[in-house]
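Trainee: sequence isn't available, so here's the structure alone:
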């Protein structure tokens, strides 16, 4: 059973370009979470999705950022018109269920975005 | 404001020695507390999960404690190994709704031979 997969692992973009980050959850997991980690800081929640639904996007900037988790295929985090401040590591996590008894979130290896 | 604070920020120990990492939180409503290990360039990996009623949980050489009254947790590493060099992150899960996680900034541990 493969773990959470993210690609690309490293992404370099120039200011104003678009960044598209992909996340394939663990097999059987239908809950996906995106986090951002700035250097020397803890992970910060961005968005929580289930298949075809955004459940909580309270941590995601209102402009330029969007996320989706289609019925088929990976979850996508899309950043339009990137700026230098978007440079960070973006982690995706998946879980089997979202509530009730504690459920482990399994993290992918992350995508390191560098904006020149 | 929901916050998770960890100390020390970084720590260097010799191989074979023990160490204890601290976590204080002001998170409400509380559901459970987790410790994750994050190797450089990798995603976090879960070590322990403790609910309100649990005050200690072990995973091999890792032992986590939780005092829900004082809102403190610790992670004790016994007989450290070089492979323990990593960041250790304290994470608190909110109750109500889904498992929303609040992360500490981590303690960066370096184990030297």
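Mentor: Happy to help now that I have it. Since the structure is predicted, the reported quantities are computational estimates derived from the model, not experimental observations.
Trainee: C-alpha only now, for contacts and for neighbours.
Mentor: Will do.
Trainee: tell me where the model's unsure across chain A.
Mentor: Along chain A, segments meeting pLDDT under 70 span A:1, A:98-102.
Trainee: for the residue in it that chain B sits nearest to, grab the count of nearby residues.
Mentor: Chain A approaches chain B most closely through residue A:42 (3.8 Å), counting by Cα to the nearest Cα. Residue A:42 has 19 neighbours, counted by other Cα atoms under 10 Å in any protein chain shown.
Trainee: and if you look at residue A:112?
Mentor: Residue A:112 has 21 nearby residues by other Cα under 10 Å.
Trainee: distance of the residue nearest to it when sequence neighbours are not counted from residue B:1?
Mentor: Closest residue in space to residue A:112, ignoring its immediate chain neighbours: residue A:89 at 4.3 Å, by Cα to Cα, 6 or more residues apart in numbering or on different chains. Distance of residue A:89 to residue B:1, computed by Cα to Cα, to the nearest Å: 24 Å.
Trainee: ok, residue A:16 next?
Mentor: Distance from residue A:16 to residue B:1, by Cα to Cα: 34 Å.
Trainee: higher neighbour count, those two?
Mentor: residue A:16 (14 against 6).
Trainee: mind telling me what element that one is part of?
Mentor: For residue A:16, there is no enclosing helix or strand under DSSP states H and E.
Trainee: that one and residue B:69, how far apart?
Mentor: Going from residue A:16 to residue B:69 by Cα to Cα gives 49 Å.
Trainee: neighbours of the nearest residue to residue B:55 once chain neighbours are set aside, how many?
Mentor: Distances taken as Cα to Cα, 6+ apart put residue B:66 closest to residue B:55, at 4.6 Å, once the chain neighbours are dropped. By other Cα under 10 Å, the residues close to residue B:66 number 24.
Trainee: which residue is nearest the centroid of chain A?
Mentor: Central residue of chain A (Cα atoms, centre = their mean): residue A:34, 3.3 Å from the mean position.
Trainee: wait, is that residue part of a strand?
Mentor: Yes: under DSSP: H, G, I helix; E, B strand; the rest coil, residue A:34 sits within a strand.
Trainee: is it true that it touches residue A:47?
Mentor: Yes: judged on Cα atoms under 8 Å, residue A:34 makes contact with residue A:47 at a distance of 5.4 Å.
Trainee: where do the contact lists of these two overlap?
Mentor: Taking Cα atoms under 8 Å, 6 or more residues apart in numbering or on different chains as the contact criterion, no residue touches both residue A:34 and residue A:47.
Trainee: for the residue nearest to the centre of chain A, name its beta-bridge partners.
Mentor: Using DSSP bridges, the bridge partners assigned to residue A:34 are residue A:47, residue A:92.
Trainee: which ones are touching it?
Mentor: Residue A:34 sits in contact with A:45, A:46, A:47, A:48, A:77, A:90, A:91, A:92, A:93, where contact means Cα under 8 Å, 6+ apart.
Trainee: for my notes, confirm the fifth one occurs in a strand.
Mentor: To tie it back to what came earlier, the one meant is residue A:77. Yes: checked against three-state DSSP, residue A:77 lies within a strand.
Trainee: distance of it from residue B:5?
Mentor: 28 Å.
Trainee: quick one: contacts for the residue nearest to residue B:55?
Mentor: So residue B:66 contacts B:33, B:50, B:54, B:55, B:56, B:72, B:73, B:74 (Cα under 8 Å, 6+ apart).
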